[in-house]
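Enquirer: Sequence first, predicted coordinates after that:
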Amino acid sequence: MTNDSALNHKLSLSLFHPRYWLTWFSIALLALLAWFPVKLRDTLAASLAGIVLRFSKKQCYAARLNIGLCFPDLSEQQREQMLLRSICVGLKGFFALGEPTFLPAKLFLNRIKANGWEHVEAARQSGKPIIFMIPHTWTIDACGLYFSGMGLTMCTMMHSARNAVYDWFLNRQRVRFGGKVYERSAGLKPIIKDMRNGYNFFYLPDQDHGHDASVFVPLFGVPKATLPALPKLTKLSGAIVLPVLATYNETTYQYELQIRPAMAPYPTSDLMADVQYMNTEIEMLLNNYPEQYMWFLKYFRSLPDGSKRSYKPE
């Protein structure tokens, strides 16, 4: 890597400290699972969904809260079914976490189907950088590798994992086909520089980063603290924005990308309208695949009056 602010994915001796031995064992299991017959692996993962639903009380409380806010017209039974399906997809994605690292490149890339790839080709022909606007779904990391695997030079921003070995493992995996990963604290300057030098940006837009950094626009009709970074970054870089959803098809056992047409006109002179446009695109991506979303994240924690919504079980 030529940019010092990009995350370092080199292996260091400190990662072999005894406190990480259990982590290394879990990565060995992921390597083994990567070669399991996919149907058998998915069946095993789905069999554990009920246990997760029963014992992950804090996470399931957050998910129920989010689903209830976004889909108030659903019955309690329908919301529980969505939650259970989301847990199933999440477990299947987790059990397959070793695939991007341990499968041969061609075999792994053949596991991914890109629906709407013509929108990517059209954007590439324009000669402009591309911002892939992609909300948090369970298979976002695996699907995200498809872009660099298909020859696009990519950069992205991520939060570092708490466990140093997992952080190394995930960041090494994310740059398997090239590209750069930055810690969010690095800010947008290195991203803008990279995009002006021919990189494309993998942008996750939907987490709640608090009142100070955000504006409030609806998501599924719920006021949400939303970063106004996308229209600003698009203007500074001259990029084309493509909304994308990373999904897992439980019937065909394949990863799938759902790629929508470029956002246009974008940006405009109306910042709030531009941010709302982004959230509307997120809704359109998720409407047909709500079970793919990471519902346990605290998307609606910040409230417009300056207070915070509690995500703790009462």
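Expert: Alright, I've got the coordinates.
Enquirer: C-alpha from now on. contacts and neighbour counts both.
Expert: Noted.
Enquirer: my read is Pro243 is in a strand, agree?
Expert: Yes. Assessed by DSSP: H, G, I helix; E, B strand; the rest coil, Pro243 belongs to a strand.
Enquirer: And it, what's its pLDDT?
Expert: Each residue has a pLDDT score; the one for Pro243 is 98.
Enquirer: Enumerate every residue touching it.
Expert: 132-134, 259-263, 281-282, 285 (CA atoms under 8 Å, 6 or more residues apart in numbering).
Enquirer: same question, Lys113
Expert: 254-257.
Enquirer: picking that back up, which of the contacts of Pro243 fall in strands?
Expert: Using DSSP state E, the members of the contacts of Pro243 that fall within strands are 132-133, 259.
Enquirer: Export the residues you listed to JSON lines and append columns for pLDDT.
Expert: Shown next, in JSON lines, are these (pLDDT from 0 to 100):
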{"residue": "Phe132", "pLDDT": "98"}
{"residue": "Met133", "pLDDT": "98"}
{"residue": "Ile259", "pLDDT": "98"}
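Enquirer: List just the nearest of those residues to Gly210.
Expert: Distance to Gly210 across those (CA to CA) is lowest for Met133, with 19.9 Å.
Enquirer: Quick check: that closest one vs His159, distance?
Expert: The gap separating Met133 from His159 is 17 Å, by CA to CA, to the nearest Å.
Enquirer: Okay, now the unreliable bits of the chain?
Expert: 1-5, 8 (pLDDT under 70).
Enquirer: Recalculate using a threshold of 80.
Expert: In the predicted model of the chain, residues 1-10, 314 satisfy pLDDT under 80.
Enquirer: Nearest to the spatial middle of it, which residue is it?
Expert: His136 (3.5 Å; CA atoms, centre = their mean).
Enquirer: list the contacts for that residue?
Expert: So His136 contacts 204, 206, 293-294 (CA under 8 Å, 6+ apart).
Enquirer: Take the residues you listed and keep only those in helices.
Expert: Taking DSSP state H, every one of these sits outside helices.
Enquirer: Leu48: which of the residues you listed is nearest?
Expert: Closest to Leu48, out of all of the contacts of His136 and judged by CA to CA, is Met294, at 17.3 Å.
Enquirer: list the contacts for the closest one?
Expert: Met294 touches 86, 90, 136-138, counting by CA under 8 Å, 6+ apart.
Enquirer: Could you dump the residues you listed into JSON lines with distance to Ala239 and secondary structure added?
Expert: JSON lines is the format used below for the contacts of Met294 (distance: CA to CA, whole Å; DSSP: H, G, I helix; E, B strand; the rest coil):
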{"residue": "Ser86", "distance to Ala239": "33", "secondary structure": "helix"}
{"residue": "Gly90", "distance to Ala239": "32", "secondary structure": "helix"}
{"residue": "His136", "distance to Ala239": "21", "secondary structure": "coil"}
{"residue": "Thr137", "distance to Ala239": "24", "secondary structure": "strand"}
{"residue": "Trp138", "distance to Ala239": "26", "secondary structure": "coil"}
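Enquirer: Generate a PyMOL selection restricted to the buried subset of the residues you listed.
Expert: Buried residues within the contacts of Met294, by 16 or more other CA atoms under 10 Å, are selected in PyMOL with:
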select buried, resi 86+90+136+137+138
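Enquirer: ok, the contacts of Met294 vs Gly306, which is closest?
Expert: If you rank the contacts of Met294 by distance to Gly306 using CA to CA, His136 comes first, at 24.7 Å.
Enquirer: among the contacts of Lys113, which ones are buried?
Expert: So, by 16+ other CA under 10 Å, the buried ones in these are 255-257.
Enquirer: Could I get the buried residue list for stretch 168-188?
Expert: Buried-residue list, stretch 168-188, by 16+ other CA under 10 Å: 168-182.
Enquirer: Identify the residues contacting that stretch?
Expert: For stretch 168-188, using CA under 8 Å, 6+ apart, the contacting residues are 1, 5-7, 9-11, 100-101, 141, 145, 148-149, 153-160, 233.
Enquirer: same question, stretch 149-160
Expert: 109, 147-148, 167, 177-184, 191, 194, 198-203.
Enquirer: now the strands for the stretch 51-200 of the chain?
Expert: 112-115, 130-133, 154-158, 180-183, 200-203 (DSSP state E, counting those that start in this stretch).
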